[in-house]
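Trainee: need a 3D model of the sequence below.
(2 chains)
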2 protein chains.
Amino acid sequence: LDAAPQRSFGDLLSARVQARQSQIVLGVDPDPSALWPDAAAPDERPAAKRSPAELTAVRVLAHCRALIDATAQECVAVKFQLACFERLGAAGWSALEELIAYARGRELLVIADGKRGDIPVSASAYAQALFAGFSAPDGPVRGLEADLATVNPLLGSETVKPFVEAARARGAGVLALVRTSNAGASDVQDLPLADGRLVWERLADIVRELGADGVGASGLSDVGAVLGATEPVHLERARELMPQAVFLLPGVGSQGGRVESLAGAIAAGPLSEPHASALVTASRSIAGAHVVGAGSPAQAARAQARRLREQAWSLV
Amino acid sequence: LDAAPQRSFGDLLSARVQARQSQIVLGVDPDPSALWPDAAAPDERPAAKRSPAELTAVRVLAHCRALIDATAQECVAVKFQLACFERLGAAGWSALEELIAYARGRELLVIADGKRGDIPVSASAYAQALFAGFSAPDGPVRGLEADLATVNPLLGSETVKPFVEAARARGAGVLALVRTSNAGASDVQDLPLADGRLVWERLADIVRELGADGVGASGLSDVGAVLGATEPVHLERARELMPQAVFLLPGVGSQGGRVESLAGAIAAGPLSEPHASALVTASRSIAGAHVVGAGSPAQAARAQARRLREQAWSLV
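Mentor: This next block holds a predicted model:
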């Protein structure tokens, strides 16, 4: 792997976290049957000419814009769940591209959450899709230009490397799954190995090894880890194994994780912005805050994002 | 899991393999800089109005149609590498949808090779994208309607289950990664466990367990496994662990695997069509056969697919 560019992703993230005073990631995983009613009103153009997928994509786009508008000032990044856009086909992919530009216009970092992983030649193709695109005979084809993308390391370190190379070349970063937030994550990730460790600890090694050359002046690397906030018991051990990695911590809220229990995720080394080492991501608990709380969807989402931001900031 | 429908995917596959006398899967992973020149000529519409991604998608579509035309009679299925379409954005997704319909029109089964995997709620969204779609308030949104989809089981059995449920409901199937074809697959998949087994053997358990209720009259299940043809030493053990699973065997040709060494992959139990238990998939060695062989791209591809078909058929 080439060394990191002068300004690595860790430095960019540290600066943004400092500027926003937030380590909150807005998770965007729109459910077409639970969109904000005011935001996602029907399009004015005649419906007969558009497919249900296209009509749904228009509403999803409006909903997500309103969600981003409501919470941008409390968040440092937006994480797009690619599955929720893929299920709308080409119209969903176009909506995703529009939303990425929209989030960037609000000075939010963009996380493409696709958990991709494949043999190296295909991993390179995914990396083109997620980051800078590629040069085709017909001209430059743009990628999603994500700042971070989630990847699945089951196929081994060599298959994470193409993502890291593509990200590093443009000052972006990669987040590899290490110990996920779902209830059944232990099934494979917690299997005890013959050497006394657990499977996820080997995944953590991959993160540390691939990220070693991507540590910027901030002290943070451009290869990070996804670690479920649902099992804080793993976080201190994960931090030992990956002292300079950015941790993305999903599972707060609807999956049962609590921000207060995440202190072990904060990196202990000398960092320009320790908060940046632990990003807390919440999706349904923000977008659906009005279902259990007071106010309009936008008001409830903003209040929930602010609450999470304040709780997370107090971890350091 | 619900029991399989009266006609499970294993039965459909067995019938198709029998009808075609082929267990060859055409891998479609178009590289825009290596398209067949005759097939992928520039579109006649004015280029200025279309983006490089759209222009490239038009060529990719033409190339893939020609590739399918050339080899359809030698193959039972087409496997689309989703990364190669995603990197063309919305235009790529539309091309993929068109190609799936095209392959189906040639009576080929369709494998969506996206190696998806996520927490259950997101796995369900991916399954909607890959299989039957879903009902949105604006009407039914179609999915890719794949006959098979590849999935990544790192997040555990509960995260493969939504794919199996969505597939089984429509007589389709799922292929979970068990031991992949890349050189570095051993990194994680071959880690020795404390109980004396290897990580991939636990992944094989997941395939067997989830597939137990999906075995049709053919004797084959609707939950199969991806096993690299590059390391045949694993195949006999894999067959012990997954006696009724369909194996998809990538890695023949450009990755170094040889069809002759795949006999261990054939299921030993009573099957209506034993050949259907081992599908051999080849991509670059078919599409690029003219580079090393005689004839036009189409002629060389057909000859290579026929050669693979005959070699594989002789395994039983």
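
Trainee: need the contact list for A:A289.
Mentor: A:297, A:300-301, A:303-304 (CB atoms under 8 Å, 6 or more residues apart in numbering or on different chains). All C-beta atoms are positioned from the backbone trio N, CA, C, and that covers glycine.

Trainee: pLDDT score for it?
Mentor: Note on A:A289: pLDDT of 95.

Trainee: same question, A:D43
Mentor: pLDDT, A:D43: 59.

Trainee: do the same with the one 3 residues further on
Mentor: At A:P46, the pLDDT value in this model is 59.

Trainee: how about A:A62?
Mentor: pLDDT recorded at A:A62 is 97.

Trainee: and the helix or strand hosting it, how far out from the chain middle?
Mentor: Assigned by DSSP states H and E, A:A62 belongs to helix A:52-71. For helix A:52-71, the gap between its own C-alpha mean and the chain's C-alpha mean amounts to 19 Å (CA atoms, centre = their mean, to the nearest Å).

Trainee: ok, and does the helix or strand following it reach over to chain B?
Mentor: Using DSSP H and E, the helix or strand that directly follows helix A:52-71 along the chain is strand A:77-81. Yes - Strand A:77-81 is in contact with chain B by CB under 8 Å from any CB of the partner chain, via A:Q81.

Trainee: C-alpha coordinates for the helix or strand hosting A:A300, CSV please?
Mentor: Assessed by DSSP H and E, A:A300 sits inside helix A:297-313. What follows is helix A:297-313, C-alpha atoms only, in CSV (Å, rounded to 0.1, in the frame of the first residue of the first chain):
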residue,chain,number,x,y,z
PRO,A,297,-40.9,14.6,12.7
ALA,A,298,-38.3,17.2,12.0
GLN,A,299,-38.4,18.7,15.5
ALA,A,300,-38.3,15.3,17.1
ALA,A,301,-35.4,14.1,14.9
ARG,A,302,-33.4,17.3,15.6
ALA,A,303,-34.0,16.9,19.4
GLN,A,304,-32.9,13.3,19.3
ALA,A,305,-29.8,14.0,17.3
ARG,A,306,-28.9,16.8,19.6
ARG,A,307,-29.4,14.6,22.7
LEU,A,308,-27.1,11.9,21.1
ARG,A,309,-24.5,14.5,20.2
GLU,A,310,-24.4,15.8,23.8
GLN,A,311,-24.2,12.4,25.3
ALA,A,312,-21.5,11.2,22.9
TRP,A,313,-19.5,14.4,23.4
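
Trainee: buried ones in the helix holding A:A62, by neighbour count?
Mentor: Buried residues in helix A:52-71, defined by neighbour count with 16 or more other CB atoms under 10 Å in any protein chain shown: A:52-68, A:70-71.

Trainee: rewinding a little: could I get the contacts of A:A289 as a markdown table with neighbour count?
Mentor: Below are the contacts of A:A289 laid out as a markdown table (neighbours: other CB atoms under 10 Å in any protein chain shown):
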| residue | neighbour count |
| --- | --- |
| A:P297 | 23 |
| A:A300 | 20 |
| A:A301 | 28 |
| A:A303 | 19 |
| A:Q304 | 24 |
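
Trainee: for the stretch 51-200 of chain A, what spans make up the helices?
Mentor: Assigned by DSSP state H, counting those that start in this stretch, the stretch 51-200 of chain A shows helices spanning A:52-71, A:82-86, A:89-105, A:120-130, A:157-168, A:186-189, A:199-211.

Trainee: could you say what helices and strands the fifth one packs with?
Mentor: If I follow you right, that is helix A:157-168. Contacts defined by 3 or more CB pairs under 8 Å, 6 or more residues apart in numbering or on different chains; DSSP states H and E place helix A:157-168 against helix A:120-130, strand A:148-151, strand A:173-179, helix A:199-211.

Trainee: repeat that with 10 Å
Mentor: helix A:120-130, strand A:148-151, strand A:173-179, helix A:199-211, strand A:223-227, helix B:186-189 (3 or more CB pairs under 10 Å, 6 or more residues apart in numbering or on different chains; DSSP states H and E).

Trainee: what's the burial count for whatever residue of the stretch 201-316 of chain A ends up closest to chain B?
Mentor: The stretch 201-316 of chain A approaches chain B most closely through A:R202 (6.1 Å), counting by CB to the nearest CB. With neighbours defined by other CB atoms under 10 Å in any protein chain shown, the count for A:R202 comes to 21.

Trainee: these two touch, right, it and B:V188?
Mentor: Yes - the criterion here is CB atoms under 10 Å, and A:R202 meets it with B:V188 at 6.3 Å.

Trainee: contacting residues for A:L193?
Mentor: Residues near A:L193 by CB atoms under 10 Å, 6 or more residues apart in numbering or on different chains: A:199, A:201-202, B:191-194, B:199.
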